[in-house]
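Enquirer: Return atomic coordinates for the entry below.
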Amino acid sequence: MSASSITVVKVRDVLLVAMPSDPDDSVITALQEQAMRSMDQHEAKALILDISAVETLDSFFARTISETAQMVSLMGGRTIIAGMRPAVAVTATQLGLPLKRVETALTVERALDMVSLGKRQGSAR
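Expert: Now for the predicted structure:
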């Protein structure tokens, strides 16, 4: 998958990004840049990162997710990671991934419900 194929979809006042199964550093960087542009352009209140296809997590990917969540928070939004696989959760823990501004949901549907209901669940604070 190339960096130019990253798509940020607006659903109501939420941005949704589905990550490919094995993103390289250029795709991850492009995701962050496009997500930030879209947050500004659409004045979204949340960013949902669907990582259900992601099988492995490296330190760059983990750090970029954390940084993106912090940027979204500074812009007044929420970041929800949806669909994290158990192996990815284990790796994130082993890497010491700071998810201070990230919430989690088992599925994209639950993440959308969290935003629409204003609930803060699965917070990693």
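Enquirer: Count residues in the vicinity of residue 12, would you?
Expert: 12 (other Cβ atoms under 10 Å). From N, CA and C alone the C-beta is placed, and that goes for glycine too.
Enquirer: quick check, residue 48 in a strand?
Expert: Yes. Assignment of residue 48 by DSSP: H, G, I helix; E, B strand; the rest coil places it within a strand.
Enquirer: gap between it and residue 18?
Expert: 9 Å (Cβ to Cβ, to the nearest Å).
Enquirer: and the two? which has more neighbours close in?
Expert: Comparing residue 48 with residue 18 by other Cβ under 10 Å, the one with more neighbours is residue 48, at 26 against 18.
Enquirer: Surely that one touches residue 19?
Expert: No. The criterion here is Cβ atoms under 8 Å, and residue 48 misses it with residue 19 at 10.9 Å.
Enquirer: Name the nearest residue to residue 54, ignoring sequence neighbours.
Expert: Nearest residue to residue 54, sequence neighbours excluded (Cβ to Cβ, 6 or more residues apart in numbering): residue 19, at 5.3 Å.
Enquirer: How about the contacts made by that neighbour?
Expert: Residues in contact with residue 19 (Cβ atoms under 8 Å, 6 or more residues apart in numbering) are 31, 49-51, 53-54.
Enquirer: State the pLDDT value of it.
Expert: Note on residue 19: pLDDT of 90.
Enquirer: can you check residue 97 too?
Expert: At residue 97, pLDDT is 78.
Enquirer: Cross-check the contact I'm expecting between it and residue 69.
Expert: No. Between residue 97 and residue 69 there is no contact under Cβ under 8 Å: 10.5 Å.
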